[in-house]
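Q: starting from these lines, generate the structure:
(chains A and B)
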Amino acid sequence: MITCQAKVILNREVKPGYYLLRLVSPEIARKALPGQFALLRCSTKDLTDPLLRRPLSFHNVTKEQGEISFLYQVKGKGTKELTRFVPGDTVDTMGPLGKGFQLEPTKGPIAIIAGGVGVAPLVYLACMAHDKGNTVYTFLGARSTESLLADPDLVRASTRFFAATDDGTEGFCGNIIELLHKETNHLATCTAAYICGPEPVMAAAVSLCAKVGIPCQVSLESTMACGVGACLGCTCRTTRSHNYSRVCTEGPVFDGREVILDEKP
Amino acid sequence: MKNPSLKVALCGLSLRTPIMTASGTFGYGLEYHPLVDFADLGAVVVKGTTLEPWLGNRPPRILETPSGMLNAIGLENCGVEAFIHDKLPKLTPYDLPIVVNIAGRTVDEYPQVIEHLEKAQGIAAYELNISCPNVRQGGMAFGTDPETAASVTRAAKAIASRPVIVKLSPNVTDITAIAQAVEAAGADAISLVNTFVGMAIDIHKRRPVLGNKIGGLSGPCIRPLAVRMVWQVAQAVRVPVIGMGGIDSWQSALEFILAGADAVGIGTAFFVNPGIARDINQGLLDYMQKEGIDSISQLVGAAWK
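A: Have a look, this model is predicted:
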């Protein structure tokens, strides 16, 4: 874990309201694992508003170039500020942080299940699994083709790529859970599933994985302050004996069976 | 001119710099290590510790606000026994005074926690968090009534062999009355301020944002409120004062010192800049060099005149 001034190479709107940010930080790139995250200071000057850093999962990492990238949705003050960075600027970046995905040691097929911008932490994982020789089944859902974040690297890493849009403008017409139900035969052959998206989507995907009998890991999102396990501000409910776990250090990736997800939309 | 000194003597503790951590923002010290160099700190104040483990509040526990943040962690902690066995030994090898913050739901719980801590080695002082709700008195915080604040202080002092710092809540009408009451009850130092009570409402869900509904406000937005309180308390008591509330630069640290603080606490600013203690020390040294000031203690309360 380090802090550095990472130079911006690219900060581009890839779909309306969604940006891809690429930074140079060889030290962070060398250590970053899929599912881990960094804390970014979102203002270019020493402003106190927005005050806190924003946690963003590594979208992809190229160790050779020393580059780290983030995919983010413009949601509030922090992400809106973040869109102002242009190539040549530097972003105060702290990372890598947290516990990432545990990639199956076997070469069996794996499932990537992503709802909306939940695809962000899964691309690096899919690329790594593909390079290792795993068969990768990707299930990606969004409201519409306008928000379907089908990253070229993800499509390339996927042995089979299934897309779903609520309005049917691209791929299967329906939500991602309906798509998964339709493709249960593929899901059932997987040795593990990796899930990220809105909580109700993750909750439904976790129970579907349990039904077909495959283990799964989920990546959680939380408002965060310290990012290092000190402030206890980002806890989630778990089935562990001590009830609450810190998303920043015990997560953000958890075993799907050990977190209690909000099923309500 | 010889090099200026940041050394501070505070109720028997010698601090190499006036920069301390604010309880609850720095965990048990090691979470931020090695991102924060302990050589930049005068003392570390660890997470509020209670007799039994506390689970804490249901999430969401934090929320960013304009130039600040609300938190309602609910003093989640592992309890004093686990602290002594699992946390403290990892921190004592470092050359850094350790202050243990103590919380309780009844007056009796404070000396009971201290009784456990008295057996442990490597603790420099205790800090009493009197902002938690007093279950015996219908949930009102100990720190909002001079008599109750004094009785907690007396109970702690009766058993403590180490200095007792009392941390005041700002959610009172007259903070100097509380400060004088805890001083009369034997407090060795006073720290202020704890967070200001606040809340925020989610307009889409039409519900409070925080799981606990109400939380404590910290960050630069509370700084002028905290400076005023430090200014008044430091002039109303003789014991040393540790000032805190939105410090995020050497200039704001100096503001508290000039208002009468012997040392200062850094909290929320660590979340934004883990290198803040180093930056403040450097800024203070440069300022003193430029102004021809030998010792930081010469600046304590210098704004009173």
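Q: what is the burial count for residue 184?
A: Just so you know, I chose chain A. Residues contacting A:T184 under the criterion other C-beta atoms under 10 Å in any protein chain shown number 12. For every residue, glycine as well, the C-beta is placed using N, CA and C.
Q: was after chain B, sorry
A: Neighbour number of B:A184 under other C-beta under 10 Å is 13.
Q: quick one: residues contacting the nearest residue to B:A277 once chain neighbours are set aside.
A: Spatial nearest neighbour of B:A277, chain neighbours left out: B:D40 (4.0 Å); criterion: C-beta to C-beta, 6 or more residues apart in numbering or on different chains. Going by C-beta atoms under 8 Å, 6 or more residues apart in numbering or on different chains, B:D40 touches B:17, B:19, B:277-278, B:281.
Q: again with B:D108
A: If you count contacts by C-beta under 8 Å, 6+ apart, B:D108 has them with B:A155.
Q: what does chain B put close to chain A?
A: By C-beta under 8 Å from any C-beta of the partner chain, the residues of chain B that approach chain A are B:24-27, B:31-32, B:35, B:53, B:55-56, B:58-64, B:66-69, B:71, B:73, B:76, B:219-221, B:248, B:268, B:270-272, B:274-275.
Q: which ones among those lie within strands?
A: Counting by DSSP state E, these place B:62-64, B:68-69, B:71 in strands.
Q: and which of those is nearest chain A?
A: Checking these against chain A with C-beta to the nearest C-beta, the nearest one is B:I62 at 3.7 Å.
Q: show me which positions of the longest helix anywhere in chain B end up buried.
A: Ranked by number of residues, the top helix in chain B under DSSP state H is helix B:276-291. Using 16 or more other C-beta atoms under 10 Å in any protein chain shown as the test for burial, helix B:276-291 gives B:276-281, B:283-285, B:287-288.
Q: Throw these into TSV and include pLDDT, thanks.
A: As requested, the buried residues of helix B:276-291 are exported to TSV (pLDDT from 0 to 100):
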residue	pLDDT
B:I276	97
B:A277	97
B:R278	97
B:D279	97
B:I280	98
B:N281	98
B:G283	98
B:L284	98
B:L285	98
B:Y287	98
B:M288	97
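Q: any idea how far the residue nearest the centre of chain A is from chain B?
A: Nearest to the geometric centre of chain A sits A:P121, at 2.4 Å (C-alpha atoms, centre = their mean). For A:P121, the distance to chain B (C-beta to the nearest C-beta, to the nearest Å) stands at 20 Å.
Q: identify the residue nearest that residue in space, chain neighbours excluded?
A: A:S57 (3.6 Å).
Q: pull the contacting residues for the one you found.
A: A:S57 sits next to A:35-37, A:70, A:120-121, A:219, A:252 when contact means C-beta under 8 Å, 6+ apart.
Q: need the contact list for residue 145.
A: Since you didn't name a chain, this refers to chain A. A:165, A:169-170.
Q: right idea, wrong chain: chain B
A: Neighbour list for B:D145: B:I178 [criterion: C-beta under 8 Å, 6+ apart].
Q: where does it land on pLDDT?
A: For B:D145, the model assigns a pLDDT of 92.
Q: thinking again about what came up before, out of the contacts of A:T145, who's nearest chain B?
A: For the contacts of A:T145, the nearest to chain B is A:T165 (24.0 Å; C-beta to the nearest C-beta).
Q: picking up where we left off before, the residue nearest to the centre of chain A touches A:V61, doesn't it?
A: No. Assessed by C-beta atoms under 8 Å, A:P121 is found out of contact with A:V61, at 11.1 Å.
Q: and residue 250, how many neighbours?
A: I'll assume chain A. The tally of other residues near A:E250 (other C-beta under 10 Å) stands at 20.
Q: I was after chain B.
A: B:W250 sits with 19 neighbouring residues when counted by other C-beta under 10 Å.
Q: go on, B:Q232?
A: 17.
Q: that one: what's it in contact with?
A: B:Q232 makes contact with B:175-176 under the criterion C-beta under 8 Å, 6+ apart.
Q: next, it: secondary structure please.
A: The three-state label given to B:Q232 by DSSP: H, G, I helix; E, B strand; the rest coil is helix.
Q: so which of the contacts of A:T145 belong to strands?
A: If you go by DSSP E, these have A:T165 in strands.
Q: buried subset of the contacts of A:T145, written for ChimeraX?
A: Here is the ChimeraX selection string for the buried members of the contacts of A:T145, based on 16+ other C-beta under 10 Å:
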select /A:165,170
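Q: any of the contacts of A:S57 buried? List them.
A: A:35-37, A:70, A:120-121, A:219, A:252.
Q: among these, which ones are in strands?
A: Of these, the ones assigned to strands by DSSP E are A:37, A:70, A:219.
Q: quick revisit: can you tell me what sits against the longest helix of chain B?
A: Helix B:276-291 has contacts (C-beta under 8 Å, 6+ apart) with B:1, B:3-4, B:6, B:17-19, B:36-37, B:40-41, B:247-251, B:253-254, B:266, B:269-270, B:273, B:293-294, B:296, B:299.
Q: from the buried residues of helix B:276-291, which two are the most distant?
A: B:I276 and B:M288 (18.4 Å; C-beta to C-beta).
Q: related to what we said a few turns ago, export the contacts of A:T145 as a markdown table, with columns for distance to chain B.
A: Formatted as a markdown table, the contacts of A:T145 follow (distance: C-beta to the nearest C-beta, whole Å):
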| residue | distance to chain B |
| --- | --- |
| A:T165 | 24 |
| A:T169 | 26 |
| A:E170 | 28 |
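Q: is A:R22 in a helix, a strand, or coil?
A: Going by three-state DSSP: A:R22 is strand.
Q: returning to what we had before: out of the contacts of A:S57, which comes closest to A:V206?
A: A:S219 (12.1 Å).
Q: wait, the closest one touches A:G256, no?
A: No. Contact criterion C-beta under 8 Å: A:S219 and A:G256 do not qualify, at 10.4 Å.
Q: what do the two both touch?
A: Residues touching both A:S219 and A:G256 by C-beta under 8 Å, 6+ apart: A:I195.
Q: what about the residue of the stretch 51-200 of chain A found nearest chain B, which helix or strand?
A: Minimum separation of the stretch 51-200 of chain A from chain B (C-beta to the nearest C-beta) falls at A:L52, amounting to 5.1 Å. Assigned by DSSP states H and E, A:L52 falls within no helix or strand.
Q: and it, what pLDDT?
A: With respect to pLDDT, A:L52 has a value of 97.
Q: which residue packs closest to it, ignoring adjacent ones?
A: B:E64 (5.1 Å).
Q: number of nearby residues for B:G12?
A: B:G12 sits with 12 neighbouring residues when counted by other C-beta under 10 Å.
Q: my read: it touches B:A189, true?
A: No. In this structure B:G12 lies outside contact range of B:A189 using C-beta under 8 Å: 9.4 Å.
Q: which residues do these two both contact?
A: B:125, B:163.
Q: show me the contacts for A:G116.
A: Taking C-beta under 8 Å, 6+ apart, we find A:G116 in contact with A:73, A:141-143, A:147, A:149, A:197-198.
Q: which pair of those residues spans the longest distance?
A: A:Q73 and A:G141 (14.6 Å).
Q: settle it for me: which of these two has more neighbours?
A: It is A:G141, of A:Q73 and A:G141, that has more neighbours when counted by other C-beta under 10 Å, with 30 against 16.
Q: the strand or helix carrying the more buried one - what's its average pLDDT?
A: Here A:G141, judged by DSSP H and E, is contained in strand A:136-142. In this model, strand A:136-142 has a mean pLDDT of 97.
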